[in-house]
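*Asks:* 3D, please:
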Amino acid sequence: MNKQLEKMKQNQECERRKRIAEEKHKEWVQKKREEERRERKRKLSKEMMEKVTREIEKMQLQERADIKYKEWLKKKRAEEAEKKKKEKEKEKEREAELLEKRTRSEKIFKEWLQNSRSKPALNGYGFPHGNSTGLY
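*Replies:* Numbering: from 1, shown residues only. Presented below is the predicted three-dimensional model:
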């Protein structure tokens, strides 16, 4: 009887230990799952923060690029305007020179015309006094 009682006590103790071990195991598994869930959550939040940071940097980089492009475009347009202005000035100078040359030519032509009317015409073709000077 004592042996049976002792055996029963041992069985009960063994059962109790099994239950305690199972409960501890369940607690450990639950704790582990909780830690893994927190770790995933932390990683996800860290990735989101990195993604947001990259997006912000990308936007800032794009803004700087836009600003530089606008400055470059403004400078380029100013250079084009300056180039056109210089070309117009050169064209005006050319036209003024042509006009001056034309008026000078007309003046010289009129003078020549006046002088040629007063001179007698020689009988032609390059012979002095209209006579042949002989063979050379």
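*Asks:* can you tell me how far the residue nearest to the spatial centre of the chain is from residue 82?
*Replies:* Centroid-nearest residue in the chain, with CA atoms, centre = their mean: residue 69, separated by 5.4 Å. Taking CB to CB, to the nearest Å as the criterion, residue 69 is separated from residue 82 by 20 Å. Just so you know, the C-beta spots here come from the backbone N, C-alpha and C atoms, and that holds for glycine as well.
*Asks:* repeat for residue 75
*Replies:* Residue 75 sits 10 Å away from residue 82 when distances are taken as CB to CB.
*Asks:* likewise for residue 102?
*Replies:* Taking CB to CB, one finds residue 102 at 30 Å from residue 82.
*Asks:* can you check residue 24 too?
*Replies:* Distance, residue 24 to residue 82, using CB to CB: 86 Å.
*Asks:* phi and psi next, for residue 43.
*Replies:* Dihedral pair for residue 43: phi -60, psi -40, per degrees, to the nearest 10.
*Asks:* give me the local confidence score for it.
*Replies:* You'll see residue 43 listed with a pLDDT of 98.
*Asks:* please apply the same query to residue 133.
*Replies:* If you check residue 133, the pLDDT there is 60.
*Asks:* likewise residue 113?
*Replies:* So residue 113 comes in at 87 (pLDDT).
*Asks:* burial count for it?
*Replies:* 9 (other CB atoms under 10 Å).
*Asks:* who's sitting farthest from the centroid in this structure?
*Replies:* The chain, CA atoms, centre = their mean, max distance from centroid: residue 1 (97.0 Å).
*Asks:* pull the distance from the helix or strand hosting residue 113 to the chain's centre.
*Replies:* Per DSSP states H and E, residue 113 falls inside helix 2-118. With CA atoms, centre = their mean, to the nearest Å as the basis, helix 2-118 stands 11 Å off its chain's centre.
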